[in-house]
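1. can't give you the sequence, but here's the structure:
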């Protein structure tokens, strides 16, 4: 069964065209890294928030967190560290044991926290 990958991109002040290009680039980077079949979770909402919503950004973040819950791996694109939504998605992935993959010129892989903690516990015993 193919792993499900959530893609987190900084979106502030970006055109639809540049978001689409960044999305496609992220998919290619994940494909090159994983070198195995995977399914991309569609985490970008095309719907407008309801009129009663005071913060559209927060509404979209809520949608993306729902999609993150489906993921085996969360990929964070270049610049994620300075984007509010991406930082929250990163913390959520880490706290809820979703493998994290980042690329900012160098690959960084953080596997399930529980697995890492178990390995650390085994070393202490």
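-> Perfect, I can see it now. Quick caveat, the model's predicted, so the values are computed rather than measured. Numbering: from 1, shown residues only.
2. contacts, neighbours, all on C-alpha from now
-> OK.
3. Just confirm residue 83 contacts residue 10, I think it does.
-> Yes: contact criterion Cα atoms under 8 Å: residue 83 and residue 10 qualify, at 5.6 Å.
4. Pick out whichever of the two has more residues nearby.
-> A side-by-side neighbour count of residue 83 and residue 10, using other Cα atoms under 10 Å, places residue 10 first with 20 against 15.
5. Sticking with the more buried one, tell me its helix or strand.
-> Assessed by DSSP states H and E, residue 10 sits outside every helix and strand.
6. residues contacting it?
-> Contacts for residue 10 (Cα atoms under 8 Å, 6 or more residues apart in numbering) come out as 77, 79-80, 83, 85-86.
7. and the longest helix for this structure?
-> Longest helix of the chain, by residue count under DSSP state H: helix 16-34.
8. List the buried residues of the helix or strand that that one is followed by.
-> Downstream of helix 16-34, the next assigned helix or strand under DSSP H and E is strand 38-40. Using 16 or more other Cα atoms under 10 Å as the test for burial, strand 38-40 gives residue 38.
9. Report all helices and strands that strand 38-40 contacts.
-> Other elements packing on strand 38-40 under the criterion 3 or more Cα pairs under 8 Å, 6 or more residues apart in numbering; DSSP states H and E are strand 3-8.
10. buried sites along the strand it packs on?
-> 4-8.
11. could those go into a markdown table alongside distance to residue 70 and pLDDT?
-> A markdown table is the format used below for the buried residues of strand 3-8 (distance: Cα to Cα, whole Å; pLDDT from 0 to 100):
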| residue | distance to residue 70 | pLDDT |
| --- | --- | --- |
| 4 | 7 | 97 |
| 5 | 8 | 97 |
| 6 | 8 | 97 |
| 7 | 12 | 96 |
| 8 | 14 | 96 |
